[in-house]
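Undergrad: how would this look folded up:
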Amino acid sequence: METRAFSTSVMNVTSLCDDVGPFDGYALTSLDDLPGISMLDFPCEDPFPLLNSSHVLPNNTRPPPIRKLCAKQGCVKFARCQGMCTQHGGRRYCGIHGCPRVAQFAGKCTTHGGTKPCNVPGCLKSMQSRGKCKAHGGGVRCQAPDCAKGSISNGFCRGHGGGLRCVVTGCTKWAQRERMCVRHHHDYSTADNWAVQMMQM
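TA: Numbering: from 1, shown residues only. Below you'll find the model as predicted:
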């Protein structure tokens, strides 16, 4: 029997798949599933790698990457850096000499510029998510219907109940310093009974 070229065999397999019927998204794992095809039709070790189960999973998904565990004996956490988890020293530290902070991006911490910039032209703010800063749509959004503002706390922006209010009774301003607004923080910090009044809150 004359051996056909691999490219021709691939075309034949593709045409035969239409005759066999739908496979519900599953990859073919054996040539027995294709009538009229033999191993002689494929002059290579892996006759059809694109249909091999080691390459394609159901619904055309890829197998999840195999993550290594921490090299510390008895630790079952995943390794992050140099074979160790974060608890056992698997961290990348800031490349600036003397800085003890953890590197976030480009080998630097956030204080020394280790952040990805917003993708919006001209914006110098740090990217939060989806390639944008919080002002341009990045980060967590407010859960209120039709609200595009960023979430402050509890899934809502300040206008819809997110954030903390001043703890002084009757004050509806936003807390900015030690659970108080700027005005009340200044008043209480200069009072002699500061500690007593804070304990009564």
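
Undergrad: what mean pLDDT would you report for stretch 111-118?
TA: Averaged across stretch 111-118, pLDDT comes to 83.

Undergrad: which intervals of the protein have sub-threshold pLDDT?
TA: For the chain, applying pLDDT under 70 flags the ranges 1-61, 63, 191-201.

Undergrad: Which stretches in it count as strands?
TA: Taking DSSP state E as the criterion, the chain contains no strands.

Undergrad: Which residue ranges of the protein form helices?
TA: For the chain, the helices defined by DSSP state H cover 6-20, 182-189, 194-199.

Undergrad: Quick check: closest non-adjacent residue to His136.
TA: The shortest distance from His136 to any non-neighbouring residue, by CB to CB, 6 or more residues apart in numbering, is to Val120 (4.7 Å). Glycine gets a C-beta too; all of them are placed from N, C-alpha and C.

Undergrad: thought that neighbour was touching Gly138?
TA: No. Using CB atoms under 8 Å, Val120 is not in contact with Gly138, being 9.5 Å away.

Undergrad: Tell me which of these two has more neighbours.
TA: Between Val120 and Gly138, Gly138 has the larger neighbour count (other CB atoms under 10 Å), namely 20 against 16.

Undergrad: Just list the residues touching the more buried one, thanks.
TA: 118, 127-132 (CB atoms under 8 Å, 6 or more residues apart in numbering).

Undergrad: In CSV, list the residues you listed along with neighbour count and distance to His160.
TA: What follows is the contacts of Gly138, written out as CSV (neighbours: other CB atoms under 10 Å; distance: CB to CB, whole Å):
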residue, neighbour count, distance to His160
Cys118, 21, 24
Met127, 20, 24
Gln128, 19, 19
Ser129, 12, 20
Arg130, 10, 21
Gly131, 14, 25
Lys132, 17, 21
